[in-house]
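*Asks:* Got a predicted structure plus its sequence, pasted below:
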Amino acid sequence: MNAAVLIDQFLDAVWVEQGLSENTLSAYGSDLRIFAKWLAGKPMLDVDGGELSSFLASRYKDGIGNRSTARILSSLRRFYGYYIRENSIKVDPTALIESPHIGQLLPTSLSEKDVELLLAAPEVTNTLGFRDRAMLEMLYATGLRVSELVNLKFEQISFRQGVVRIIGKGNKERLVPVGEEAMSWLEDYMNQARKTLLGERQCDYLFVTNRADGMTRQAFWHIIKRHAKKAGINKELSPHTLRHAFATHLLNHGADLRVVQLLLGHSDLSTTQIYTHIARERLKELHAKYHPRG
């Protein structure tokens, strides 16, 4: 089989077996196609560990850092692990390759003051600004992933109970409380701005564009950056910045780590524990600032 068929077969299999998200599958596919192109026609199932090492070395020379290299190697491990299980190959070429050392990166977060500035940035006297404010409020109130937010539909919201039902990574369901402030913005958006944006048109998605379509995560990411610039926030932001702020601020105010894990939809507590480092740094700052011997 040629590389394209092998990659598609692998992606279809892991999607069925593990219910991986579209973003994860896209990343796997991109990494594997880059490798297939580098092989210049050599069959993907005929490579050995030396060739894989040469490929990773070439990526490193091209300026790819340790974190991206580790992700590419992870994609290759999954790919060859699948074809080992299928008995298409007998030896896993990734078996003896060590992952590059990655220092623990703390997520970019915002202070509570910065969040307030960001939330206040949209111009709520127009429909698009009102929609943006409602989306930002929801994102900060719930800690949703941007992809989860833009894909929200009516049936996922319970206004009576004040919760949103999310199908996250691996098709795992979780219920996330929505605070009164965010719920108020959401209700007003639905009763006013959304109706104006849609006119006579229909759309299943909760948050819509002025073309009556659902919004992409890329489009909303640009919206966040635009409002951050307007608010005078000069930090390096990511699409998950408000999600990180949600988790960090909960911990700073005494929330239990396992509660935050459930709200974020992390399957492994170790994924959530990175936020304790941020909270610890905040405690050190407060101690240094206010303690007589800080």
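*Replies:* Arrived safely, thanks for sending.
*Asks:* By mean pLDDT, flag the weakest helix or strand of the protein.
*Replies:* The helix or strand of the chain with the poorest confidence is helix 274-290; it has a mean of 62 (mean pLDDT, DSSP states H and E).
*Asks:* Looking at the strand or helix carrying Leu73 now, give me its mean pLDDT.
*Replies:* Using DSSP states H and E, Leu73 falls within helix 66-85. On average, the pLDDT along helix 66-85 is 87.
*Asks:* Now do the very next helix or strand once past it: distance to the chain's middle.
*Replies:* Going down the chain from helix 66-85, the next helix or strand is helix 112-120, by DSSP H and E. Chain-centre distance of helix 112-120: 21 Å, with CA atoms, centre = their mean, to the nearest Å.
*Asks:* Tell me the helices and strands packed up against helix 112-120.
*Replies:* helix 127-142, helix 217-230, helix 241-252 (3 or more CB pairs under 8 Å, 6 or more residues apart in numbering; DSSP states H and E). In short, each C-beta sits where N, CA and C put it, glycine included.
*Asks:* Kindly recompute the last result at 10 Å.
*Replies:* helix 127-142, helix 180-188, helix 217-230, helix 241-252 (3 or more CB pairs under 10 Å, 6 or more residues apart in numbering; DSSP states H and E).
*Asks:* Sort out which residues of the longest one are buried, please.
*Replies:* If you call a residue buried by 16 or more other CB atoms under 10 Å, then helix 127-142 has these buried ones: 127-128, 130-142.
*Asks:* any weak-confidence spans in the stretch 1-150 of the chain?
*Replies:* Scanning the stretch 1-150 of the chain for pLDDT under 70 picks out 99-108.
*Asks:* I'd like the helices and strands packed on helix 112-120 as CSV, with distance to Val260 appended.
*Replies:* Shown next, in CSV, are the helices and strands packed on helix 112-120 (distance: least, CB to CB, whole Å):
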stretch, distance to Val260
helix 127-142, 12
helix 180-188, 17
helix 217-230, 22
helix 241-252, 5
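*Asks:* and of those helices, who's closest to Arg59?
*Replies:* Among the helices and strands packed on helix 112-120, the nearest to Arg59 by CB to CB is helix 217-230 (24.6 Å).
*Asks:* And the average pLDDT for the closest one is what?
*Replies:* Mean predicted confidence for helix 217-230 is 93.
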